[in-house]
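Visitor: fold the following, please.
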Amino acid sequence: MAAPRENLAINGNRLWDSLMEMAKIGPGIAGGNNRQTLTDEDAKGRELFRKWCEMAGCEMGVDSLGNMFAERKGTDPNALPVYVGSHLDTQPTGGKYDGVLGVLGGLEIMRTLNDFDIRTKHPIVVVNWTNEEGTRFAPAMLASGVFAGVHERQWAENRVDANGRRFGDELDRIGWRGDEEVGVRKMRAFFELHIEQGPILEAEGCDIGVVTHGQGLSWMQITVTGKDAHTGSTPMPMRRNAGLAMARILELVDEIALSNAPDAVGAAGHIDVYPNSRNVIPGKVVFTVDFRSPDKGVLHDMVKKMRRGARDICADMGCEVDFEIAGGFDPVEFDEGCVNAIRNAAERLGYSHRDIVSGAGHDACWINQVAPTAMIMCPCVDGLSHNEAEEITAEWATSGANVLFHAVLDTAKIIE
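Guide: Residues are numbered from 1 along each chain as shown. Just a heads-up that it's a prediction; the model follows:
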């Protein structure tokens, strides 16, 4: 008699070993990773992933933006595949788990199916999406956005990095442009496993986050123009201090976000000050306000209040202000069926779990527009991510991958 399905489990040690092996490619300077998209390090990480997938008996496909698709055949050639995955690229000072856990957790599903000689009706495909981080080439989630029809392929290929290098040229340079048209694949469902990148699960001692929604995001680039002047000889009442105007706007951003707590957040991460000299009053500042909320109405209202308040602040200080939309997307509600598959898997396996809203953008947020989609989260130490000190435990990785495994099995249909 076959073992009960609840007894099926991924090999946690093998998954952890794979995470550590991938982390050797593009090591950071403080224990993390610097494997930015379309770099030589990215190419090496892709090659290792391809080797592992082929060793697991998967067939690798690559589209014209470098998205990688490793397929394990199902028994029904007409059945839509179940997709699972995330990304292998990192921040310049990134951790070893952000994105990578979702890709290698998907690979571990393939290996485990082979271990138990399990066949599924639907094919299963592990995907590595190109340029999720958006560090070299803005915006983030670039290739999955093209796949979902949010961006045009040619527009994506024309993105340039800080050194003027073009996305399409770098893709060709590292040899990872495929022949497949982007977005032609059809999915039965898509599941993404990811570290939380926040403190909630660890603080509550919870094994699994069942992601029901993704926060909407608004990036508004603000340029405040005042007047450069000597810091020592310009009387205080005669100053048009763009830096001070920015500070007051950022105080307003904080007040607006706090007034919509607990789910809404807001801050500025990108700030450029000109001329950025010790003894010159700033004549211009350029900064990007990042507002997020799972409620579309709240998100739009926060932006509206910030724009109105910023205009008033600058008018009072004799400064000019301009706004430019730098990016964003509406809140995401993940598919109820996929969410239930994750929740049911966690319950059957005996893991503590709670519903959670993703505060970060993920490839799943775009794929949700073209296929039933949901996400699984595992805790990370102190909620720290996008930092070389990012850390999880092997047990957390195993728990998340086991829930992923069973949610995918339920959706891909085991052949008894």
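
Visitor: what number of residues lie near Gly32?
Guide: As a burial measure, Gly32 scores 25 neighbours (other Cβ atoms under 10 Å). Where C-beta positions appear, they are placed from N, C-alpha and C, glycine not excepted.

Visitor: need the contact list for it.
Guide: Applying Cβ atoms under 8 Å, 6 or more residues apart in numbering, we find Gly32 in contact with Thr90, Thr93, Gly94, Gly95, Lys96, Asn387, Glu388, Ala389, Glu390.

Visitor: now the buried members of the residues you listed.
Guide: The neighbour-count test (16 or more other Cβ atoms under 10 Å) marks Thr90, Thr93, Gly94, Gly95, Lys96, Asn387, Glu388, Glu390 as buried among the contacts of Gly32.

Visitor: next, format the residues you listed as CSV and append pLDDT and secondary structure.
Guide: Putting the buried ones among the contacts of Gly32 into CSV (pLDDT from 0 to 100; DSSP: H, G, I helix; E, B strand; the rest coil) gives the following:
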residue, pLDDT, secondary structure
Thr90, 98, coil
Thr93, 96, coil
Gly94, 97, strand
Gly95, 98, coil
Lys96, 98, coil
Asn387, 96, coil
Glu388, 97, coil
Glu390, 98, coil
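
Visitor: farthest-separated two in the contacts of Gly32?
Guide: Thr90 and Ala389 (13.5 Å; Cβ to Cβ).

Visitor: now do the same contact list for Glu202.
Guide: Glu196, Pro379, Cys380, Val381, Asp382, Gly383.

Visitor: which parts of the stretch 151-300 of the chain are helices?
Guide: Taking DSSP state H, counting those that start in this stretch, the helices of the stretch 151-300 of the chain run over residues 153-157, 167-174, 200-204, 242-258, 296-317.

Visitor: helices or strands up against the second one?
Guide: For helix 167-174, the packing partners by 3 or more Cβ pairs under 8 Å, 6 or more residues apart in numbering; DSSP states H and E come out as helix 40-55, helix 153-157.

Visitor: deepest of those, which one?
Guide: Highest mean neighbour count of these: helix 40-55, a mean of 18 (counted as mean count of other Cβ atoms under 10 Å).

Visitor: now that helix against helix 167-174, angle please.
Guide: Inter-element angle recorded for helix 40-55 and helix 167-174: 60 degrees (by axes from the mean of the first three to the mean of the last three Cα atoms, to 10 degrees).

Visitor: ok, then the element right after helix 40-55?
Guide: Per DSSP states H and E, the first helix or strand lying C-terminal to helix 40-55 is strand 59-62.

Visitor: where are the low-confidence patches of this structure?
Guide: The chain contains residues with pLDDT under 70 at 1-5.

Visitor: rerun that using 90 as the cut-off
Guide: Along the chain, the model assigns pLDDT under 90 to residues 1-7, 138-139, 162, 261-263, 269, 326-330, 359-361, 416.

Visitor: so which residue is smack in the middle of it?
Guide: What sits nearest the mean C-alpha location of the chain, by Cα atoms, centre = their mean, is His362, with 3.2 Å.

Visitor: that one contacts Glu132, doesn't it?
Guide: Yes. The pair His362 and Glu132 passes the contact test of Cβ atoms under 8 Å, sitting 7.4 Å apart.

Visitor: which neighbours do the two have in common?
Guide: Common contacts of His362 and Glu132, defined by Cβ under 8 Å, 6+ apart, comprise Ser86, Met141.

Visitor: of the helices of the stretch 151-300 of the chain, which is nearest Arg119?
Guide: Among those, the nearest to Arg119 by Cβ to Cβ is helix 200-204 (33.7 Å).

Visitor: was I right about Ile200 contacting Asp382?
Guide: No. Applying Cβ under 8 Å as the test, Ile200 and Asp382 come out as separate, 11.6 Å apart.

Visitor: please pick the buried ones from the contacts of Glu202.
Guide: Burial by neighbour count, judged by 16+ other Cβ under 10 Å, picks out Glu196, Pro379, Cys380, Gly383 from those.

Visitor: separation between the third one and Gly400?
Guide: Looking back up the chat, that one is Cys380. 11 Å (Cβ to Cβ, to the nearest Å).

Visitor: try the first one
Guide: In this structure, Glu196 and Gly400 are 10 Å apart, going by Cβ to Cβ.

Visitor: which neighbours do the two share?
Guide: Common neighbours of Glu196 and Gly400, counting by Cβ under 8 Å, 6+ apart, are Met377, Cys378.

Visitor: and the buried ones among the contacts of Glu202, which is closest to Asn260?
Guide: Within the buried ones among the contacts of Glu202, the smallest distance to Asn260 is 20.2 Å, found for Gly383 (Cβ to Cβ).

Visitor: that closest one: what's it in contact with?
Guide: The neighbourhood of Gly383, defined by Cβ under 8 Å, 6+ apart, consists of Glu196, Gln197, Gly198, Pro199, Ile200, Glu202.

Visitor: what's the farthest-apart pair in those residues?
Guide: Longest span within the contacts of Gly383, Cβ to Cβ: Gln197 and Glu202, 11.3 Å.

Visitor: list residues touching both of these two?
Guide: Joint contacts of Gln197 and Glu202 (Cβ under 8 Å, 6+ apart) are Cys380, Gly383.

Visitor: dump the residue contacts of Gly99.
Guide: Going by Cβ under 8 Å, 6+ apart, Gly99 touches Ser86, His87, Leu88, Asp89, Thr90, Glu132, Glu133, His194.
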